[in-house]
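1. Give me the fold of what follows.
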Amino acid sequence: MTTNPHLPPFLAAPLKVLPGIVHTNLLLALLNHLFKQQMAAGELDFLESRIVAIRLLDAEVEFLFTMGRSKFVAHTGSGTVDLAISGNLHDFIQLSMGGEDPDTLFFQRRIALKGDVELGLEVKNLVYSLTMEELSIPAPLRKGVEAAIQLYRDSSS
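-> Residues are numbered from 1 along each chain as shown. Here you go, the predicted model:
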């Protein structure tokens, strides 16, 4: 059985202090950069006006956002969350860097979907179909993230 690394408490503590909108805006800046081509091609139109929550369970952080006309924007109002995606930071990093198959993470319940099942499947299929080359990740950043993943694994075992 594989271990499921958690964010060490000394790294999670500072995240809990920052207001949620700060986390969300940082994530959205990253997502808007990474998915620039997919947004321009209309591949993310299915998310328009849908409220999505990403919950990092081990950091106790939640990101609320929606797809605006041309980019992801923070959701600060009221309304029902259409899709909540929950998991530990390590699993989201593995998912985003292509280190784990999305189906494996979902079937092992390391990443959970709650809400609109059809919307969740569309998101999962989009993530599954992407390659690292399609995302706008500079090579030095990719190497830095891979080194951080290894440090994360080492500190949580």
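2. Mind telling me what element the residue minimising distance to the centre of the chain is part of?
-> In the chain, the centroid-proximal residue (C-alpha atoms, centre = their mean) is residue 92; its distance is 5.5 Å. Here residue 92 sits within helix 89-96, counting by DSSP states H and E.
3. So for the longest strand belonging to the chain, mean pLDDT?
-> Looking across the chain with DSSP state E, the single longest strand is strand 61-67. Averaging pLDDT along strand 61-67 yields 90.
4. Residue 122 - that's part of a helix, no?
-> Yes: counting by DSSP: H, G, I helix; E, B strand; the rest coil, residue 122 is located in a helix.
5. Name the nearest residue to it, ignoring sequence neighbours.
-> residue 46 (5.3 Å; C-beta to C-beta, 6 or more residues apart in numbering). Yep, even glycine has a C-beta here, placed from its N, CA and C like the rest.
6. show me where this protein has strands.
-> Going by DSSP E, the chain shows strands at 52-56, 61-67, 72-74, 83-87, 111-115.
7. wait, what's in contact with residue 124?
-> 102, 103, 106, 113 (C-beta atoms under 8 Å, 6 or more residues apart in numbering).
8. From residue 52, how far off is the residue nearest to residue 122?
-> According to C-beta to C-beta, to the nearest Å, residue 46 and residue 52 sit 11 Å apart.
9. who has more neighbours, these two?
-> More neighbours surround residue 52 than the other of residue 46 and residue 52, with 22 against 13 (other C-beta atoms under 10 Å).
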